[in-house]
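Asks: Sequence first, predicted model second:
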Amino acid sequence: MKPFRAAPKQRLLTSALLLAIASPALAQVADPPSDATELDAVVVTGIRGSLTSSMNLKRDSQGIVDGIVAEDIGKFPDTNLAESLQRISGVSIDRSMGEGSKVTVRGVGPDFNLVLLNGRQMPASSIEATNASNSRAFDFANLASESISGIEVFKTSRAATPTGGIGATINIKTGRPLDMGELISVGMKAVHDTSSENLPKSMRGDSATGEMSGIFSNVFADGKLGVSVSASYQERDSGYNEAAVGGGWYAFPGNEGPLALPGPAANATNPPGAGDIYSVPQNLIYALNGIQRQRTNAQGTLQYAPNDRITATLDYTYSENRIQQQRHELSTWFNQAASRTSWTDGPIAAPTSYTEFIDFQTVDGVLEGSDLAMAGSQFATKNENKSLGFNVAWEVTDSLDLEFDYHSSSAESGADSPWGSNNVIGAAAFVRGNTTVDFSGDFPVLGVQLPPGMSRVGADRMMVTGSSFRNSYMKSEVEQGQVRGRFRFGDYSSLQFGAAFTEVDNRTAYSFTQRDDWGGFGNRAGDYADDLWIADDMSRYFDQFPGSGEMFGQFYLFDFGRVRDAAIAARGGDVSAYLPPDEFSTDRRATEKSKSAYVQWNNTWDLAMPLHASVGVRYEETDVTSRALVPIATGMTWTGENEFAVQFGDPDFTELRGSYDYWLPSVDLSLEVTDELVVRASYGHSIGRPQWNHIQGGQTLDSFAAFEGGTGSQGDPGLRPLESKNFDLSVEWYYGESSYVSVGWFRKDIDNYIGTSVVEISPFDIRTPVGGAYYNQAVAAGCTPGATAFRRCVREYIFDNFAGAPGVDEANNTIEGQPGDPLAVFRVSVPVNKESSSLDGWEISAQHVFGESGFGLAANYTIVDSDLIYDNYNLGDQFALVGLSDSANLVAFYDKGPWQVRAAYNWRDKFLSSTYDSWRPNPVYVEDYGQLDLNISYQVSDNFTIHAEAINLTDETMRSHGRHERQVFYATQTGPRYMFGFRYKF
């Protein structure tokens, strides 16, 4: 029999350090041999040390585990945790406002990856612009990296692991004073974000903003008492500019819709065929966004170890992320009455040029066209996270360890401005004639015909139109108690066991005040002083996109507060329309109470090739209670040619309940073929809980509707979680002290995917004027359905002939549905457990250090595939996996003497991000994106280090599209970010 081999000494030292700073909650790393405690401590520093520690974490763990270890206390490889995570094979990130935010692992989206802090389940909160948030995803942008000692990504399920992560369970670890000992470290950094420069002067932030961080740790009473405090504060001013078809695309079969065939095609070049699918845009928006952020993080930890067998830990973690945002827009709205078009070839046809003819009309002696819309926004949000935890670890005997852990944590997001969490004041000049968009390139280029004799839009033509002030709020609280134990049967066998109670209370709420006269009716340009409007040209702010210099870019900036005051004055001083309501109209509250227990047996067989095994099972039961305050719809009003508003009365609460339970088995095997070669195999079950809106206790109708009807949603707390059966195989060759190659295959068979079943209903007896008595008389009088100006014709006929009749308000240009009119039809999305799918893929990783030269490379490539992909030829509702994409990383580094240099390139292939663009079932694909980052540091002395960083060094842009690449959805420009700073250790 081949004698059992202990791991090399250096690897054991690193593993011991990792175990010391990790929370024992997971107990995922294999037990070290009994002589490990006799070794001296090792401090992991530098790029090479960090990569070596991460490699050893992967090598020594049971199951498939990857991670990142801090290069030194207070120095994580990236300033953003999400951007560090994307360096790990299989991990991709979603970006928000130019920064990493949420993670997708192995093709599984952010809502189904569980995030732990020191082994404890963390709550997550976020807010949406125009509705209550639905997401369970954790936003890594809220956490600074300075107090983080490491991140572990557990890709295989274990009985000892809390449930909720189908893609992965991500454990964020912080330092502990009894492990760190005496330490004082401070750092400062200056940040220059070039994206803030590419904005109008009134929207720009400071040229340079600051960051500072510090950590203090010390031990007292002969090493029995430890105290540590860490804190960081960051200010960052940034921006991003985007061109968007924000209202989405209308998709039609080739024999239906505005270009219905057979029909006249004289103005269509290469028109779609009868068997093709084609799409026309709803609108086009150019938007400038200025952002200011202040992020505060702090953590305090107190540890007491009265003897070698008992350690008590009390810790508190706090984070706050305040964001202020300003936005200015130039936009046009289309009525799907194309007048001249050019098309790509089918079978998916997209316009390369799209024109709608608009006639000018004389109104009160002034030549007017359609609205050239402009809008402004100014709002602020605040995200706050708190976690208080207590842990006692007790080595009862040499064979038995027990541990108790409790924490109470909360995450809260909401408005940080009296004007709400999101808002918009619309403005417009009614000077738009024939309007063309060139979609032939990556950037949509707008062309607008102005009235004869007008070369520039005058400030005297500007007026305020519609407005919306919104409040979105979310709070999630987790209270969790865990008891864990481990009994060792000799050196190579142990039994882990535990039980836990977890309660998650989640609240999402939303309210809004809206004036729906976006068409400008009831407003007069003369109500607003010319000096409110600041002329500018939008084309100046998209220099990274070819063709942007040819666009029509005339628009007006304005001071949001001044225009708001002017709009209030124009309406007799009534402020109610320009503040969000005090009370929420949508209020969803859900409570999940879960009980769990597990047992897991670990064993090593001393064979010719040592075999390690972990076999376990976890039982989990959850009770769900969901209450929802939903607005009760009372009517529908026609406010513009294709704009309808749903009217609401007093809201009311409804309550629903559900429950489920699961047995979740797991098996992990690893075989040490040689000292360098490890083969692994894993199988396990995991679950991922539904999004909050899927389990809401009521029905919600959207406030905006269209000519063909409205939309809405309702939930079901009885939905079952997603259940995944996970298979993993891996071969890993560790051929050097810091070098390895690994190839892994994985497969996930996932049941209970929550699809959407859309039902057409007519709730609350709502009536629509479309097809009603007034409407039908307009048709009988000569308004021809399908004509370019049909809807305008109907509205003008009704105002000319029925002004003052019930529901007809000519002054405000609205037509309300009346008794006897047709019932309004709403397409209501209902979640159902109806889909099953499998995904599989490969993870290939390599790391090589070139001897003692200081140079090294690390690279990985992930391939993910699934049979559940979006069918671009299907115009109905579909279910498809979002976030599924290949990804790759390449890191080149130099680490020798005082110099450390790291260049990191990350790439993510095209992926499906949504199955809806705005209100319609259309795909949104985010195009492939690659980004190069650079980090350079120089150690001036043993205590003092200076460093410089560059993010998005090559100034990459981002783009998304619909069924065809020419159907742009978003084209976004940000900019490089540069940082320079120092760190001093006392």
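Replies: Yep, that arrived. Residues are numbered from 1 along each chain as shown.
Asks: low-confidence ranges in the stretch 701-850 of the chain?
Replies: Along the stretch 701-850 of the chain, segments meeting pLDDT under 70 span 788.
Asks: and if we set it to 90?
Replies: Along the stretch 701-850 of the chain, segments meeting pLDDT under 90 span 701-709, 711-716, 718, 737, 753-761, 763-765, 784-792, 810-813, 827-837.
Asks: I'd like to know which elements the helix with the most length in the chain is packed against.
Replies: Assignment by DSSP state H gives helix 46-60 as the longest helix of the chain. Taking 3 or more CB pairs under 8 Å, 6 or more residues apart in numbering; DSSP states H and E as the contact definition, the neighbouring helices and strands of helix 46-60 are helix 9-21, strand 65-69, strand 148-154, strand 740-761, strand 826-849, strand 855-866, strand 887-896, strand 899-908. C-beta: built from backbone N, CA, C; applies to glycine.
Asks: Report the inter-axis angle for the fourth one versus strand 855-866.
Replies: Relative orientation of strand 740-761 versus strand 855-866 (axes from the mean of the first three to the mean of the last three CA atoms, to 10 degrees): 30 degrees.
Asks: picking up where we left off before, show me the one of the helices and strands packed on helix 46-60 that comes nearest H694.
Replies: Taking CB to CB as the measure, these were each checked against H694, and strand 826-849 came out nearest at 4.2 Å.
Asks: Now stretch 496-513: average pLDDT?
Replies: Taken as a whole, stretch 496-513 has a mean pLDDT of 94.
Asks: residues of that stretch that come out buried?
Replies: By neighbour count on 16 or more other CB atoms under 10 Å, the buried set for stretch 496-513 is 496-498, 500, 502, 504-513.
Asks: Out of those, which sit inside strands?
Replies: 496-498, 500, 502, 504-513 (DSSP state E).
Asks: re earlier: quick one: mean pLDDT for the longest helix of the chain?
Replies: On average, the pLDDT along helix 46-60 is 87.
Asks: what do you get for stretch 352-372?
Replies: The pLDDT scores in stretch 352-372 average 90.
Asks: will you turn the helices and strands packed on helix 46-60 into a markdown table that also has mean neighbour count?
Replies: Compiled in a markdown table, the helices and strands packed on helix 46-60 are given as follows (neighbours: other CB atoms under 10 Å):
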| stretch | mean neighbour count |
| --- | --- |
| helix 9-21 | 18 |
| strand 65-69 | 25 |
| strand 148-154 | 24 |
| strand 740-761 | 17 |
| strand 826-849 | 18 |
| strand 855-866 | 19 |
| strand 887-896 | 19 |
| strand 899-908 | 19 |
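Asks: Make CSV out of these and add distance to D661.
Replies: Supplementary listing: the helices and strands packed on helix 46-60 in CSV, determined by distance: least, CB to CB, whole Å:
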stretch, distance to D661
helix 9-21, 33
strand 65-69, 28
strand 148-154, 23
strand 740-761, 14
strand 826-849, 15
strand 855-866, 28
strand 887-896, 35
strand 899-908, 37
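Asks: what's the closest of those to G553?
Replies: With CB to CB as the measure, strand 899-908 is the member of the helices and strands packed on helix 46-60 nearest G553 (31.1 Å).
Asks: ok, then the element right after that closest one?
Replies: Sequence-wise, the next helix or strand beyond strand 899-908 is strand 911-914, with elements assigned using DSSP states H and E.
Asks: Can I get that following strand in PDB, CA atoms only?
Replies: These are the backbone C-alpha positions of strand 911-914, laid out as PDB (Å, rounded to 0.1, in the frame of the first residue of the first chain):
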ATOM      1  CA  PHE A 911     -25.500  36.900 -24.000                       C
ATOM      2  CA  LEU A 912     -29.300  37.200 -23.700                       C
ATOM      3  CA  SER A 913     -30.100  39.700 -20.900                       C
ATOM      4  CA  SER A 914     -33.900  39.800 -21.200                       C
END
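Asks: hmm, who's touching that strand?
Replies: Taking CB atoms under 8 Å, 6 or more residues apart in numbering as the criterion, the residues outside strand 911-914 that touch it are 92, 869-870, 880-885, 923-926, 960.
Asks: Cool, thanks, signing off.
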